[in-house]
Structures are given as C-alpha cells and as structure tokens.
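Peer 1: okay, here's the prediction I keep looking at, along with the sequence it came from:
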Amino acid sequence: MAKLFEPYAIRGVEFKNRIVMAPMCMYSSHNEDGMVQEWHKIHYATRAVGQVGLIIVEATAVQPQGRISAQDLGIWSDEHIEGLAEIVRLTQQHGAKTGIQLAHAGRKATVDGDIQAPSAIAFNDKYKTPVEMTVEEIGETIQAFKAGAMRAKKAGFDVIELHGAHGYLINEFLSPLSNKRTDAYGGSSENRYRILREIIDEVRSVWEGPLFVRISAHDYTEGGMTAEAYVEMAKWMKEQGVDLIDVSSGAVVPAKIDAYPGYQVKFAETIKEGANIATGAVGLITTGIQAEEILKNNRADMVLLARELLRDPYWPYTAARELEVEISTPQQYERGWRF
Ligand SMILES: Cc1cc2nc3c(=O)[nH]c(=O)nc-3n(C[C@H](O)[C@H](O)[C@H](O)COP(=O)(O)O)c2cc1C
C-alpha cells in the first residue's frame with residue numbers, strides 16, 4: 001500500500017488519504033460581498049468526487065478590508081455561514097474532509113479605502129501604502145479571526161487553517177522585512193510572533209478540531225526569515241496546540257524565487273525535524289511517485305497540490321494508477337473501471 005493512500009488522523013478526524021487540495025482563491029464572489037457562488041460549490045465538490053482526502057477552501061477574509069480582491073470569499077458575518085455550509089455538505093458527501101483558510105490580506109489588500117499592516121510600508125509601487133495598525137486595531141483583527149473560527153465551526157468544517165504565508169497580514173508581522181514596529185508587536189521574534197500567538201489562543205478557545213497554520217518558510221531576501229528561523233516559531237505553535245504546519249514560501253517582499261519540482265519540501269522537512277511537528281509539503285508536486293517519496297522519507301505528513309488539481313481534478317486516480325493502488329470510486333463511476 002502506498003503511504004499516499006494511507007488514512008491519516010488528527011484529533012480524531014480521519015482523512016482517507018494524504019492528498020490535500022491547497023487553498024486557491026477563485027476570485028468568484030461576483031457580488032463583492034464575500035458570498036459563496038455556484039462556481040465554488042461545483043469546483044470544490046468536483047475535487048471531492050476526485051477522491052481528494054482534504055479540501056482546503058480558499059483564503060476567506062475575516063474582515064472586509066482584509067480581502068486580497070473584492071471578489072474574495074468572506075466569513076466576517078453570520079450571513080456567510082449558509083453558503084460555506086453548502087460547500088462542506090457537498091464535499092463531505094463524497095468522503096472528503098473539508099477545511100477553510102482564514103485570512104487577512106494586510107498590505108496586499110486591493111479593496112477600496114484604507115488598508116492595514118504592521119508598518120506603513122507598501123509591498124511595491126503597485127500596491128497602496130498601508131496604515132500602521134494601532135494596538136486596538138490589532139485586537140479587533142484577532143477577534144475577527146476568532147469570530148471567523150466560530151462561524152467555520154457552525155458551517156461544519158473539519159479543519160481550520162490560518163493563513164500566515166505569502167506576505168499577507170500575519171506573515172507581515174512575522175517577518176522583520178515588513179514589520180518595523182517598535183512596540184510589543186515588533187522587534188524580537190517573540191514580539192513579531194505575538195499577533196499569531198494571540199490569534200491561535202483565541203481560535204483554540206472556540207475550536208477543538210485540527211488546526212493548521214500556513215507559513216512562508218523563506219523570504220529569499222537578506223535579513224529575512226528562513227526555515228531555520230521558523231523552527232523556533234513552529235515550536236511555539238506546537239505548544240499552543242497547532243497540529244500541522246503547511247509549509248509554503250516567499251511573497252512577503254518582492255524577490256525572485258527559483259521554483260523547481262518540490263522546491264519547498266526541504267523547508268517542510270527542516271520544520272518537521274526541528275520542531276517535531278507534522279508538516280504539509282506544497283509547491284510543484286505533480287506526480288504520485290514524487291508525493292510518495294516525500295511521505296515515505298518522512299519529509300512531510302501530507303502533500304498539498306494546487307495547480308495540478310486545477311488541471312486534473314481527479315488527480316488521486318491518476319496517482320493511484322501510477323502507484324498501482326486501487327482506490328474506491330463513486331458507485332456511479334464503477335463502470336469506468338471495468339473493461
Ligand atoms: C489560482 C491560485 C490561487 C491561490 N490562492 C491561494 C490562497 O487562497 N491561499 C494560499 O495560501 N495559497 C494560494 N495559492 C498558492 C497555492 O496554494 C500553492 O501554494 C501554490 O500554487 C504552489 O503549489 P502548486 O505548485 O501545486 O500549484 C494559490 C495558487 C493558485 C494557482
């Protein structure tokens with residue numbers, strides 16, 4: 001049996017395999033109110049029929065000014081729960097577990113009005129200059145993550161992932177390149193970690209299920225974060241009850257990234273070994289053999305795929321054939337396997 005298709009459990013939630021659909025913004029909330037549309041329901045349910053073990057719904061904004069674009073999904077009001085619950089119902093029906101990525105875009109928000117960040121430094125000249133958050137505003141955002149977690153729970157999600165990567169708000173606090181604060185939320189690694197510590201504590205007070213954090217493990221810039229520097233924070237996350245670190249990289253500052261097959265796997269491995277915590281590997285993972293190598297060599301505990309699952313929503317079948325494993329199929333499709 002391939003490890004890719006072995007069930008894996010966290011806090012009593014069993015994933016039927018180790019294949020995770022990485023969060024991917026669809027920018028399809030056309031009415032610009034954060035509501036789920038038909039597109040989302042079909043898109044996510046298709047990957048569940050395709051036998052993905054865990055589907056993580058795209059970056060979903062906890063505050064309207066924290067949207068990457070006006071078409072992002074939202075979870076800042078109770079009205080968002082119904083549509084999200086429908087995604088969960090449709091995906092769980094096909095045996096997938098379903099997660100949601102709670103997000104705030106920080107200085108990378110492109111919505112109208114003021115945008116917020118730890119420091120008043122624009123990402124580059126194409127983005128607005130953000131307003132430095134007051135301590136009170138930081139507190140409101142922490143509460144918005146907590147409220148988002150409560151709504152995610154009501155919607156029936158199995159997993160919550162906090163978006164701490166790709167240069168969005170949490171990442172902006174964690175990296176010394178974007179956080180130039182001189183108060184308790186900036187400076188030392190303890191201080192830069194403070195907002196994430198407080199978000200995790202608040203979310204954990206209302207969420208007993210699996211909790212993931214996505215990080216950008218490397219800033220690819222002198223003076224920035226590295227996977228080794230993240231080991232310290234990963235240990236704190238583990239102490240606080242985070243179950244898995246989803247290890248991505250880059251995008252907190254403009255930097256050139258040499259992306260090759262599995263280019264971020266080594267970061268997942270460093271954090272898994274250094275902090276003794278489960279990790280997810282992501283980034284140009286496209287074949288069953290590649291996924292199996294990562295898992296069997298204990299470089300990560302789950303593998304996340306993004307673009308390959310856009311090209312091939314039934315990728316788990318493709319990987320199963322490659323690894324010569326037989327996996328179950330919806331009864332309606334069984335004829336497809338009889339020759
Ligand atoms: C269309 C698209 C949307 C994305 N949106 C998100 C997102 O909402 N949250 C996130 O953390 N990463 C997002 N990403 C990054 C992916 O989750 C993933 O980390 C990246 O694409 C590398 O994996 P891949 O090589 O398998 O595509 C997005 C990527 C794509 C292609």
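Peer 2: Happy to help now that I have it.

Peer 1: make it CA atoms for all contacts and neighbour counts henceforth
Peer 2: Will do.

Peer 1: other residues contacting the longest helix along the chain?
Peer 2: Longest helix in the chain, counting residues (DSSP state H): helix 135-155. Residues outside helix 135-155 that contact it (C-alpha atoms under 8 Å, 6 or more residues apart in numbering) are 62-63, 75-76, 78, 81-82, 84-85, 88, 100, 102-103, 160, 195, 198-199, 202-203, 206-207.

Peer 1: ok, the closest residue in space to Thr270 that isn't next to it in sequence - contacts?
Peer 2: Spatial nearest neighbour of Thr270, excluding adjacent residues (C-alpha to C-alpha, 6 or more residues apart in numbering): Ala227 at 6.5 Å. Counting by C-alpha under 8 Å, 6+ apart, Ala227 touches Ala217, His218, Phe267, Thr270, Ile271.

Peer 1: with Ala70 instead?
Peer 2: Tyr27, Ser29, Glu32, Asp33, Gly34, Thr110, Val111.

Peer 1: just the ones of those in strands?
Peer 2: Using DSSP state E, no member of these sits in strands.

Peer 1: what about the helices in the stretch 101-250 of the chain?
Peer 2: Under the criterion DSSP state H, counting those that start in this stretch, helices of the stretch 101-250 of the chain are mapped to 135-155, 169-174, 189-204, 227-239.

Peer 1: just name the most buried of the ones you listed.
Peer 2: Across the helices of the stretch 101-250 of the chain, the average number of neighbours (mean count of other C-alpha atoms under 10 Å) peaks for helix 169-174, which reaches a mean of 29.

Peer 1: and that helix, what does it pack against?
Peer 2: strand 116-117, strand 159-164, helix 189-204 (3 or more C-alpha pairs under 8 Å, 6 or more residues apart in numbering; DSSP states H and E).

Peer 1: let's see that with 7 Å instead.
Peer 2: Applying 3 or more C-alpha pairs under 7 Å, 6 or more residues apart in numbering; DSSP states H and E, one finds that helix 169-174 contacts helix 189-204.

Peer 1: relative to helix 135-155, how tilted is the helix it packs on?
Peer 2: On the basis of axes from the mean of the first three to the mean of the last three C-alpha atoms, to 10 degrees, helix 189-204 is oriented at 40 degrees to helix 135-155.

Peer 1: and the contacts of helix 189-204?
Peer 2: Contact with helix 189-204 is made by Ile142, Phe145, Lys146, Ala149, Ile170, Phe173, Leu174, Ala184, Tyr185, Gly186, Gln240, as judged by C-alpha atoms under 7 Å, 6 or more residues apart in numbering.

Peer 1: thank you, goodbye.
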